[in-house]
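K.L.:
predicted coordinates and the sequence they were generated for:
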Amino acid sequence: MKIAVSNRDGLDKLVQAVVRGEMRLHALPKYLSAAERAEIRRQFLEEISGETLKHVGTHSLDTERASGRHCENFVGVAQIPLGVTGPLRVRGRDRDQSIYVPLATTEGALLASINRGCSAIRAAGGVVSRVEDVGMTRAPVFRTGGIAESEDFVTWVEANHDRIREVAEGTSRFCKLKEIRPTIMGSTVYLRFRFATGDAMGMNMATIACDRVVRNLIYPETGIECVALSGNQCVDKKPAAINFLEGRGKRIHCEVRLSAEVLRKNLKVNRDAFVDMQYRKNLLGSIAAGALGFNAHYANIVAAFFIATGQDVAHVGEGSMGVTMIEPIEDGGALFSIMMPDVPLGTVGGGTALDTQREALSLLDVDPDPAQPGAATMRLAEILGGIVLAGELSLLAAITSGDLTSAHERLARGVDTDKQGPRP
């Protein structure tokens with residue numbers, strides 16, 4: 001069915017065709033523009049629900065790009081408030097810079113808290129941030145005839161490592177095979193591939209590389225069947241001990257040395273109480289819960305940063321892992337540090353190409369340079385680590401001083417805490 005859409009009547013006829021079930025939302029005519037297809041879907045939803053989607057349909061995104069590369073059945077946008085925190089002084093491996101960090105969130109008090117952490121970091125001389133490019137993993141799972149065949153299969157993989165590398169790296173000039181880690185469980189074999197992927201987060205790159213290796217080399221030469229291209233030992237978008245121990249994406253280390261004056265003046269905490277609270281809450285409490293996140297709220301800051309900069313938000317499941325540490329140092333000060341073992345991150349590909357996310361990345365001064373593949377994403381990881389530390393520092397200080405509840409009432413609920421009486 002081809003209906004002219006040069007006027008309002010033409011669009012209305014297509015909407016009614018969808019309402020009657022004669023057309024599916026994903027199968028609207030290709031001769032329509034992406035904006036017209038989105039409008040038809042919105043009108044269909046409005047008609048069957050009785051609700052209006054005025055705000056969903058109002059945006060500045062490139063509709064062709066958004067609907068063609070990022071979101072099927074595109075109808076518009078879900079808007080999330082975007083704020084900035086800082087300046088945050090990040091003393092990275094190659095750059096010492098103070099920057100404002102954009103964060104997207106609906107949680108009142110989060111950015112105000114992070115701002116306080118940034119202030120304490122500035123007073124302390126900046127956050128030292130270091131990043132390891134651990135590599136992106138993908139772990140296909142294979143089925144053999146038994147243990148002996150599993151051993152032979154792994155022996156073949158090890159003997160043909162160079163050929164596997166050639167096929168894998170032939171899929172992209174930025175894809176570099178770092179290792180293949182085999183695991184045998186009876187008639188099941190996992191091959192955990194690890195790749196360097198330049199400035200891309202790399203999940204698609206790793207998947208494509210593994211697919212070519214399996215289809216063009218492993219199966220034709222061994223006859224061993226690949227049951228699933230992802231065998232869940234990767235481990236993607238889930239907290240996992242293997243990623244905690246071996247890392248995935250970027251492993252981030254950050255620290256700041258807090259003097260007794262900064263602890264007292266900027267954070268309003270007693271050093272010994274600060275250290276004790278961290279030990280009993282983040283360490284013992286997480287052990288008692290069987291958690292892999294020995295921290296207060298990495299996920300809060302990681303999610304806000306990921307949304308603002310166009311990362312895959314589901315990777316917050318991995319980015320929430322990590323350890324916060326507070327150690328007493330000389331003259332009544334404290335060394336505050338974090339370790340994030342598993343942070344998939346990129347500055348090209350995926351949501352980083354969206355208009356607002358591209359602007360956020362430009363604010364952070366992390367424009368990718370093909371002549372230095374990976375450098376921009378390493379810097380982005382340094383910044384992420386610094387802002388996570390700022391948020392962690394402020395929240396833990398508020399918990400120690402007893403100010404957490406009053407801050408949330410004042411900033412998230414608009415309550416005048418002076419009228420609430422003294423804290424217990």
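P.N.:
Arrived safely, thanks for sending. In this text the structure is predicted, and so the values were computed from the model without any measurement. Numbering: from 1, shown residues only.

K.L.:
residues in contact with the spatially most central residue of the chain?
P.N.:
The residue lying closest to the centre of the chain (Cα atoms, centre = their mean) is His315, at 4.3 Å. Contact analysis of His315 by Cβ atoms under 8 Å, 6 or more residues apart in numbering lists Met201, Lys237, Gly249, Phe306, Val343, Pro344. (C-beta placed from N, C-alpha, C; glycine too.)

K.L.:
what of Ala34?
P.N.:
With contact taken as Cβ under 8 Å, 6+ apart, Ala34 is in contact with Thr63, Glu64, Ala66, Ser67, Gly68, Phe74.

K.L.:
what about the closest residue to Ile218 other than its chain neighbours, distance to Val154?
P.N.:
Closest residue in space to Ile218, ignoring its immediate chain neighbours: Ile224 at 6.7 Å, by Cβ to Cβ, 6 or more residues apart in numbering. Going from Ile224 to Val154 by Cβ to Cβ, to the nearest Å gives 10 Å.

K.L.:
and Arg212, by the same measure?
P.N.:
The gap separating Arg212 from Val154 is 20 Å, by Cβ to Cβ.

K.L.:
low-confidence regions, the chain specifically.
P.N.:
1-8, 404-424 (pLDDT under 70).

K.L.:
any chance you could map the strands in it?
P.N.:
82-91, 96-104, 127-138, 141-143, 176-185, 188-196, 225-228, 248-258, 293-294, 322-328, 334-343 (DSSP state E).

K.L.:
closest one to Cys118 among those?
P.N.:
Among the strands of the chain, the nearest to Cys118 by Cβ to Cβ is strand 82-91 (4.7 Å).

K.L.:
how far off centre is the closest one?
P.N.:
Centre-to-centre, strand 82-91 and its host chain are 18 Å apart (Cα atoms, centre = their mean, to the nearest Å).

K.L.:
where do the contact lists of Ile224 and Val154 overlap?
P.N.:
Contacts common to Ile224 and Val154, judged by Cβ under 8 Å, 6+ apart, are Val189.

K.L.:
without its sequence neighbours, what residue ends up closest to Asn65?
P.N.:
One correction, residue 65 is Arg, not Asn. Arg65 sits nearest to Ala353 (Cβ to Cβ, 6+ apart), 6.9 Å away.

K.L.:
run through the bridge partners of Val127.
P.N.:
Counting by DSSP bridges, Val127 is bridged to Val90.

K.L.:
wait, it sits on Ile121?
P.N.:
Yes. Val127 lies in contact with Ile121 (Cβ atoms under 8 Å); the separation is 5.0 Å.

K.L.:
domain ranges for this protein?
P.N.:
27-79, 82-134+242-419, 140-228 (automatic domain parsing).

K.L.:
residue contacts, Val19?
P.N.:
In this structure, Val19 makes contact with Phe44, Glu47, Ile48, judged by Cβ under 8 Å, 6+ apart.

K.L.:
distance of the residue nearest to the last one when sequence neighbours are not counted relative to Glu46?
P.N.:
The shortest distance from Ile48 to any residue other than its chain neighbours is 6.8 Å, reached at Val19 (Cβ to Cβ, 6+ apart). Distance, Val19 to Glu46, using Cβ to Cβ: 11 Å.

K.L.:
spatially nearest residue to Leu395 (excluding sequence neighbours)?
P.N.:
Nearest non-adjacent residue to Leu395 (Cβ to Cβ, 6+ apart): Ala296, at 5.1 Å.

K.L.:
look at that neighbour and say how many residues are nearby.
P.N.:
22 (other Cβ atoms under 10 Å).

K.L.:
next, give phi and psi for it.
P.N.:
phi -90, psi -50 (degrees, to the nearest 10).

K.L.:
that one and Gly349, how far apart?
P.N.:
With Cβ to Cβ as the criterion, Ala296 and Gly349 are 31 Å apart.

K.L.:
who does the closest residue in space to Gly322 that isn't next to it in sequence form a beta bridge with?
P.N.:
Spatially, and ignoring its direct neighbours in sequence, Gly322 is nearest to Met340 (4.1 Å; Cβ to Cβ, 6+ apart). Taking DSSP bridges as the rule, Met340 bridges to Ile252.

K.L.:
quick one, what contacts Met340?
P.N.:
Lys250, Arg251, Ile252, His253, Tyr298, Gly319, Met321, Gly322, Gly385, Val388.

K.L.:
could the residues you listed go into a markdown table alongside neighbour count?
P.N.:
As requested, the contacts of Met340 are exported to a markdown table (neighbours: other Cβ atoms under 10 Å):
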| residue | neighbour count |
| --- | --- |
| Lys250 | 28 |
| Arg251 | 22 |
| Ile252 | 29 |
| His253 | 17 |
| Tyr298 | 24 |
| Gly319 | 29 |
| Met321 | 24 |
| Gly322 | 26 |
| Gly385 | 28 |
| Val388 | 30 |
